[in-house]
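Peer 1: what follows is a predicted structure for the sequence shown.
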Amino acid sequence: MTTASSSFNDGLSFDTRYLELDAYDDVYVIGDVHGCLETLEELLSTLDLGPNDLGIFVGDLIRKGPASDGVLERVRTTPQLLSVRGNNEQKVIDGRATLESLDDRAHAYLESLPTAIAWEGGLVVHGGVDPNRPLAAHSDADVISMRAPDGDGYDGPFWFDEYQGPPRIFFGHTVLEDPLEREWAVGLDTGCVYGGSLTAYDVRKDRFVRVSTDGHKDRSDDKIVDADA
């Protein structure tokens, strides 16, 4: 659902759901889960969401980890939880990847996910944006998969090193050694499925909440970014 309620949201060509953030108490943006249900439950227990709190996922709820179906069911059936669409959701929707454990209801939920969730001054996407183009010039595919607009993936340079905002963008997709917090970009994929952590950002208090995980997949060091290096 695209709603033109925000000044920066006007004219966006990617599927955006707009929120009135003042309608909620605590608000958290949560990194890539990748089917790690036990870790997700630990994080949600730590956050202890109340009935008027909100958790927003940056996408990639599924694949690589052991319980994609369980993660989707948890997010889909919890009123306080929303998600944008990640590249792994898009692969399943497009038929480029399959998960036999997902039923028709789960597939319908994937197809319902917006590409972005926005509020005045904030934007949640999976990948990122090209800092050399206005937001209105981005497609769904751009914001789902963006990592290095002028480079080759993990070779960089990364979009968030040059992006100046506004809005402030919350993202996943690029696996980080530690969460990234800058004036205009907050990176939340801290390698949950690879033995890193699952990270949430407390929008009200400007702080990270992290829980560790045992990991389920190996990943080479050159595919994990130290953003402060």
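Peer 2: Alright, I've got the coordinates.

Peer 1: contacts, neighbours, all on C-alpha from now
Peer 2: Noted.

Peer 1: nearest residue to the middle of this structure?
Peer 2: Most central in the chain under CA atoms, centre = their mean is Val58, positioned 1.1 Å from the mean C-alpha point.

Peer 1: can you pull out the helices in this structure?
Peer 2: Assigned by DSSP state H, the chain shows helices spanning 37-47, 68-76, 87-94, 104-112, 140-145.

Peer 1: residues in contact with the residue nearest to the centre of the chain?
Peer 2: With contacts defined as CA atoms under 8 Å, 6 or more residues apart in numbering, Val58 is in contact with 29-32, 83-86, 124-126, 170-172, 188.

Peer 1: figure out which of the helices of the chain is closest to Val193.
Peer 2: Closest approach to Val193 among the helices of the chain is made by helix 37-47 (9.3 Å; CA to CA).

Peer 1: which parts of that closest one are buried?
Peer 2: Going by neighbour count (16 or more other CA atoms under 10 Å), the buried part of helix 37-47 is Leu37, Thr39, Leu40, Glu42, Leu43, Leu47.

Peer 1: next one: stretch 135-149
Peer 2: Within stretch 135-149, the residues scored as buried using 16+ other CA under 10 Å are Leu135, His138, Asp140, Asp142, Val143, Ile144, Ser145, Met146, Arg147, Ala148, Pro149.

Peer 1: and stretch 197-214, C-alpha only, in CSV?
Peer 2: What follows is stretch 197-214, C-alpha atoms only, in CSV (Å, rounded to 0.1, in the frame of the first residue of the first chain):
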residue,chain,number,x,y,z
SER,A,197,23.5,-11.5,16.5
LEU,A,198,20.0,-10.4,15.9
THR,A,199,19.8,-6.6,16.3
ALA,A,200,16.9,-4.2,17.0
TYR,A,201,17.1,-0.4,17.0
ASP,A,202,15.0,1.5,19.6
VAL,A,203,13.8,4.5,17.6
ARG,A,204,12.6,6.4,20.7
LYS,A,205,15.8,6.0,22.7
ASP,A,206,18.4,5.8,19.9
ARG,A,207,19.9,2.6,21.1
PHE,A,208,20.6,-1.0,19.9
VAL,A,209,19.2,-4.1,21.5
ARG,A,210,21.1,-7.3,20.5
VAL,A,211,20.8,-11.0,21.2
SER,A,212,23.5,-13.5,20.2
THR,A,213,23.0,-16.6,18.2
ASP,A,214,24.8,-19.9,17.5
